[in-house]
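[1] Quick one: sequence plus predicted model below, questions after.
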Amino acid sequence: GAVVSQHPSWVICKSGTSVKIECRSLDFQATTMFWYRQFPKQSLMLMATSNEGSKATYEQGVEKDKFLINHASLTLSTLTVTSAHPEDSSFYICSASLPGRYGYTFGSGTRLTVV
Amino acid sequence: GQQLNQSPQSMFIQEGEDVSMNCTSSSIFNTWLWYKQDPGEGPVLLIALYKAGELTSNGRLTAQFGITRKDSFLNISASIPSDVGIYFCAGQEENFNKFYFGSGTKLNVKP
């Protein structure tokens, strides 16, 4: 149990276009999901907390108009990188937790390359 | 966002050796998690700790939640080549729902 599916696993897009990344909890309901960003050889940086049915909470320094988060159901959160630029190229990972104390399960990540 | 101090940054060890890594924080945490990440993959949970002083094992892995609630360590005994990867600690502050990650420890194991 506790599987988080992330799609796509990789995407290449042109500068100026938008890219949507999906994060699904397959066998449980997740009222809260988290989006992280990871640059090569670096740690995971929390970008935002996605709350089902309400607005996401963004970490300091993360542009909410650039990284749009939608958590429309208990099993799906989406991150849309709008007007992507090469500096947005990164590894994006989502996570969600099971009810109770089971830690957080991560998706397999999405490698975004903006050319 | 907050980051935790994780050390060492990298380790090169011989197969069969034991390994120890730790994380410290300036804040009090109520949960510590340890993850392993392989290249191009998301982190996989190894051990979760929920109480100060708690010592938990998962096979050859042992982790402890420091009694000050500001630190945690992870030990790997009798390392094997498949232990290679990057290990991250993650901590959750009191009254907050989100986790912050350490900078990672890259483990290299020579057969």
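    Happy to help now that I have it.
[2] now the strands for the chain?
    Since you didn't name a chain, this refers to chain A. A:4-7, A:10-13, A:19-25, A:32-38, A:44-51, A:57-58, A:67-73, A:76-81, A:90-97, A:104-106, A:110-114 (DSSP state E).
[3] wrong one, I was asking about chain B
    So, for chain B - with DSSP E - the strands run B:5-7, B:10-14, B:19-24, B:29-37, B:44-49, B:55-58, B:61-65, B:71-76, B:85-93, B:99-101, B:105-110.
[4] which one of those lies closest to residue A:89?
    strand B:29-37 (18.7 Å; CB to CB). (Each C-beta comes from the backbone N, C-alpha and C, glycine too.)
[5] low pLDDT regions in chain A?
    In the predicted model of chain A, residues A:1, A:98-103 satisfy pLDDT under 70.
[6] That one against chain B: which residues are in contact?
    A:4, A:6, A:32, A:34, A:36, A:42-46, A:49, A:59-60, A:91, A:93, A:95, A:101-109, A:111 (CB under 8 Å from any CB of the partner chain).
[7] Adding mean pLDDT, distance to chain A and mean neighbour count, write the strands of chain B out as JSON lines.
    Listed next are the strands of chain B as JSON lines, based on pLDDT from 0 to 100; distance: least, CB to the nearest CB, whole Å; neighbours: other CB atoms under 10 Å in any protein chain shown:
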{"stretch": "strand B:5-7", "mean pLDDT": "95", "distance to chain A": "8", "mean neighbour count": "17"}
{"stretch": "strand B:10-14", "mean pLDDT": "96", "distance to chain A": "10", "mean neighbour count": "12"}
{"stretch": "strand B:19-24", "mean pLDDT": "97", "distance to chain A": "11", "mean neighbour count": "20"}
{"stretch": "strand B:29-37", "mean pLDDT": "93", "distance to chain A": "5", "mean neighbour count": "24"}
{"stretch": "strand B:44-49", "mean pLDDT": "92", "distance to chain A": "4", "mean neighbour count": "19"}
{"stretch": "strand B:55-58", "mean pLDDT": "96", "distance to chain A": "11", "mean neighbour count": "13"}
{"stretch": "strand B:61-65", "mean pLDDT": "97", "distance to chain A": "12", "mean neighbour count": "21"}
{"stretch": "strand B:71-76", "mean pLDDT": "97", "distance to chain A": "13", "mean neighbour count": "22"}
{"stretch": "strand B:85-93", "mean pLDDT": "92", "distance to chain A": "7", "mean neighbour count": "23"}
{"stretch": "strand B:99-101", "mean pLDDT": "87", "distance to chain A": "4", "mean neighbour count": "24"}
{"stretch": "strand B:105-110", "mean pLDDT": "96", "distance to chain A": "8", "mean neighbour count": "17"}
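[8] Thank you, goodbye.
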